[in-house]
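Visitor: Have a look at this fold, sequence not included:
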């Protein structure tokens with residue numbers, strides 16, 4: 001597989017030895033960490049944390065706070081809707097023999113990020129009206145964001161779900177530290193996957209680094225900090241989309257010349 005077309009051949013074929021997939025994983029984790037910080041600034045909630053949302057929803061219903069419970073249910077449904085939408089784009093691209101489905105999803109998410117910036121700025125003027133819309137949009141964005149890397153890696157990687165990443169780090173560290181004194185021919189040796197471990201550690205650190213940068217960025221720049229985040233996401237998605245555009249244009253020219 002050539003380096004030039006590597007990024008176009010990731011659809012549902014993720015492997016840890018694919019350098020492009022690993023780069024995409026930590027880049028998306030960095031953006032997710034920054035977005036999480038921006039979401040907390042806007043609505044005082046971490047909108048990627050669906051475990052907390054579901055637990056909070058159960059608590060609110062148990063305490064009889066039906067309105068709060070329903071609001072958390074809406075957040076969960078918006079996250080699921082974002083995941084569905086992003087998956088639909090990638091599946092559609094595969095059926096059309098395109099490689100830019102996840103690129104289109106990234107570019108669309110970049111546009112939604114800019115919309116989040118506008119809604120965030122409007123919160124200071126009409127907080128009561130714009131807060132629910134902002135929360136729903138953020139959950140939708142985070143659902144899209146997590147799905148892109150999850151889909152491309154075949155479920156091997158997550159960009160927002162650090163609970164799973166931390167669990168996988170623990171599993172690989174256990175394998176790495178396990179010491180077997182005797183070789184047992186009928187039992188498979190315990191071996192850590194060092195590439196996996198490095199990838200998981202890098203994603204965790206990238207998410208943390210993105211959170212620090214996002215918190216500082218939103219603190220000093222306000223919601224205009226969504227501009228560099230949206231630009232980075234747009235550029236990540238542009239390459240595979242541009243590959244498809246050039247390929248289709250080349251095929252169109254060949255068809256014209258043949259006639």
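Guide: Happy to help now that I have it. These numbers were taken from a predicted model, which means no experiment stands behind them.

Visitor: Looking at this protein, which helix is longest?
Guide: Longest helix in the chain, counting residues (DSSP state H): helix 226-258.

Visitor: and it, what does it pack onto?
Guide: Judged by 3 or more C-beta pairs under 8 Å, 6 or more residues apart in numbering; DSSP states H and E, the packing partners of helix 226-258 are helix 19-43, helix 101-123. Glycine gets a C-beta too; all of them are placed from N, C-alpha and C.

Visitor: at 10 Å what do you get?
Guide: helix 19-43, helix 66-95, helix 101-123, helix 127-152, helix 194-221 (3 or more C-beta pairs under 10 Å, 6 or more residues apart in numbering; DSSP states H and E).

Visitor: In CSV: the ones you listed, plus mean neighbour count and mean pLDDT.
Guide: Output for these, formatted as CSV (neighbours: other C-beta atoms under 10 Å; pLDDT from 0 to 100):
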stretch, mean neighbour count, mean pLDDT
helix 19-43, 23, 83
helix 66-95, 17, 89
helix 101-123, 21, 85
helix 127-152, 22, 83
helix 194-221, 18, 89
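
Visitor: Distance to residue 163 for those - can I get that in TSV?
Guide: Shown next, in TSV, are these (distance: least, C-beta to C-beta, whole Å):
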stretch	distance to residue 163
helix 19-43	13
helix 66-95	15
helix 101-123	22
helix 127-152	12
helix 194-221	11
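
Visitor: Quick one: closest of the ones you listed to residue 58.
Guide: helix 66-95 (8.1 Å; C-beta to C-beta).

Visitor: To what extent is the residue nearest to residue 76 when sequence neighbours are not counted buried, counted in neighbours?
Guide: Leaving aside its sequence neighbours, residue 76 sits nearest to residue 53 (C-beta to C-beta, 6 or more residues apart in numbering; 5.5 Å). Residues contacting residue 53 under the criterion other C-beta atoms under 10 Å number 21.
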